[in-house]
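Novice: Coordinates only, no sequence provided:
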């Protein structure tokens, strides 16, 4: 989404978690979804969305595609970013490295 107010924080969180997992060199690709047509085509439910190997590890069941801000459920309510531990677990699952738990 153009001008997403949480994009920088999502990138920062992703970089921090990757660094925590000794994966700091992992490239991060940023895509901008700026039309509803593009959102529908990509299954995009809001910004920021973090994909791991092209898959959303935090699927928003029943959420329609949108060019809008996204929220993530967490222990203390909703947040504009995924929970750090949940992101860490998703990245560990994607790498298949159970030793990082």
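Specialist: Structure received. Just so it is clear, the model here is predicted, and its values are computed rather than measured.

Novice: Check the secondary structure at residue 12 for me.
Specialist: Recorded secondary structure, residue 12: helix (DSSP: H, G, I helix; E, B strand; the rest coil).

Novice: pLDDT score for it?
Specialist: Note on residue 12: pLDDT of 97.

Novice: again with residue 22
Specialist: Value listed for residue 22 in the pLDDT field: 96.

Novice: Residue 95 too?
Specialist: 83.

Novice: cool, residue 101 as well?
Specialist: For residue 101, pLDDT reads 55.

Novice: before we move on, what about residue 61?
Specialist: The model's pLDDT for residue 61 equals 87.

Novice: so where's the chain uncertain?
Specialist: 97-101 (pLDDT under 70).

Novice: tell me, what residue is most central in it?
Specialist: Compute the mean C-alpha point of the chain, and by Cα atoms, centre = their mean the closest residue is residue 50, 1.8 Å away.

Novice: correct me, but that residue touches residue 12?
Specialist: No - taking Cβ atoms under 8 Å as the definition, residue 50 is not a contact partner of residue 12, at 11.6 Å. C-beta coordinates here come from the backbone N, C-alpha and C atoms, glycine included.

Novice: Mind jotting down where the helices sit in the protein?
Specialist: Using DSSP state H, the helices of the chain run over residues 7-20, 36-42, 84-95.

Novice: Identify all contacting residues around the last one.
Specialist: With Cβ atoms under 8 Å, 6 or more residues apart in numbering as the test, helix 84-95 has contacts from 13-14, 16-18, 20-21, 23, 50, 52-53, 55, 57-58, 74, 82, 98, 100-101.

Novice: hmm, try it at 7 Å
Specialist: With Cβ atoms under 7 Å, 6 or more residues apart in numbering as the test, helix 84-95 has contacts from 13, 17, 18, 20, 21, 50, 52, 53, 57, 100, 101.

Novice: now the angle between helix 7-20 and it, please.
Specialist: 60 degrees (axes from the mean of the first three to the mean of the last three Cα atoms, to 10 degrees).

Novice: buried stuff in helix 84-95?
Specialist: For helix 84-95, the neighbour count (16 or more other Cβ atoms under 10 Å) marks 86, 87, 88, 90, 91, 92 as buried.

Novice: Distance of the third one relative to residue 52?
Specialist: The gap separating residue 88 from residue 52 is 11 Å, by Cβ to Cβ, to the nearest Å.
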